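**Student:** just a sequence and a predicted model for now, questions to come.
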Amino acid sequence: MTTITTRTVEYPADGLTMIGHLALPTGVDRRPAVLLGPEGTGLSDVERRRADALAELGYTALAFDLHGGRYLGDPEEMLARCLPLLADPDRMRGIGHAALDVLRAEPRTDPDRIAAVGYGTGGAIGLELGRDGVSLRAIGTVNATTTGRPGEAARIRCPVWAGVGSEDPIMSPAQRSAFTAEMQAAGVDWRLTVYGGALHAFHHPTVDHPTVPGVGYHPRHARRAWRDIVDLLAECLPVTEAPGHAPGKQADPGH
């Protein structure tokens, strides 16, 4: 197995002290990098393991924080914080830019080769960075077919991939249609993968996630979504001469 190093990083955003998880591949050279955003519940070991897996593939990876080091397992508390956040693109962009600044400042990061991958609220933040005109190589989201302010999707300058469960009541068919219409009208290189029978947060193990109606873990589709993300990165942000790169390391590390 590839030797990686990890550390926590503290940085200010949204009036809080955020505590992110940085994972670095072996070596000393600059590497393509991935900004990894968590669901609305916040940063957990699921995202930390995924950042570590990306580092094993040769990427510098930062799993960023949403709630100042807290994991909001109480659905009411999570919604009370996330619904206003999701309704405020400027706040989302502020959280994303603060994390992106940390990732870019890391000496192992190639600042010209960064992708944003996110789940739920973290995916919405990645999309807002694209709508803000940030130069990214790819944007990948799961459970985040969110739309933005009129016309701003035209600023997205990279391929966008979105994955969603067919039975997700939050990212409904109408929401998915609005998202794809926005991407198409803006001339974005976009793809949408619908995972049959999957609910919201289908990628997130139930043991690490609050029980909420419409939310459920789907192990098979979780593995498929991870492979789709790895394939997106391989296409748009390839790693060259990644030490110890093992093609078999594509199973979803989050479970």
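**Tutor:** Happy to help now that I have it.
**Student:** only C-alpha atoms for contact and neighbour calcs from this point on.
**Tutor:** Noted.
**Student:** which of the three states applies to residue 35?
**Tutor:** Under DSSP: H, G, I helix; E, B strand; the rest coil, the three-state class of residue 35 is strand.
**Student:** next SSE after the worst-scoring helix or strand of the chain on mean pLDDT?
**Tutor:** Lowest by mean pLDDT, DSSP states H and E among the helices and strands of the chain is helix 75-86, with a mean of 94. Per DSSP states H and E, helix 75-86 leads on to helix 89-105 as the next helix or strand towards the C-terminus.
**Student:** avg pLDDT for that next one?
**Tutor:** In this model, helix 89-105 has a mean pLDDT of 98.
**Student:** stretch 115-126 now?
**Tutor:** Per-region confidence: stretch 115-126 scores 98 on mean pLDDT.
**Student:** ditto for stretch 41-53
**Tutor:** Across stretch 41-53, the average pLDDT comes to 96.
**Student:** what angle sits between the least confident helix or strand of the chain and helix 89-105?
**Tutor:** 90 degrees (axes from the mean of the first three to the mean of the last three C-alpha atoms, to 10 degrees).
**Student:** chain center to helix 75-86, what's the gap?
**Tutor:** With C-alpha atoms, centre = their mean, to the nearest Å as the basis, helix 75-86 stands 18 Å off its chain's centre.
**Student:** please begin residue numbering at 4 from this point
**Tutor:** Yes, from this point I'll number from 4; that puts the last item at helix 78-89.
**Student:** what packs against that helix?
**Tutor:** When contacts are defined as 3 or more C-alpha pairs under 8 Å, 6 or more residues apart in numbering; DSSP states H and E, helix 78-89 sits against helix 92-108, helix 124-134.
**Student:** contact partners of that helix?
**Tutor:** Counting contacts by C-alpha atoms under 8 Å, 6 or more residues apart in numbering, the residues outside helix 78-89 that touch it are 43, 44, 75, 94, 95, 124, 127, 213, 215.
**Student:** so which of the helices and strands packed on helix 78-89 is nearest residue 241?
**Tutor:** Among the helices and strands packed on helix 78-89, the nearest to residue 241 by C-alpha to C-alpha is helix 92-108 (17.7 Å).
**Student:** in the closest one, what counts as buried?
**Tutor:** Residues of helix 92-108 classed as buried under the neighbour-count rule (16 or more other C-alpha atoms under 10 Å) are 92, 94-103, 105-107.
**Student:** adding distance to residue 227, write the residues you listed out as a markdown table.
**Tutor:** Rendered in a markdown table, the data for the buried residues of helix 92-108 read as follows (distance: C-alpha to C-alpha, whole Å):
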| residue | distance to residue 227 |
| --- | --- |
| 92 | 30 |
| 94 | 31 |
| 95 | 28 |
| 96 | 29 |
| 97 | 31 |
| 98 | 28 |
| 99 | 26 |
| 100 | 29 |
| 101 | 30 |
| 102 | 27 |
| 103 | 27 |
| 105 | 30 |
| 106 | 27 |
| 107 | 29 |
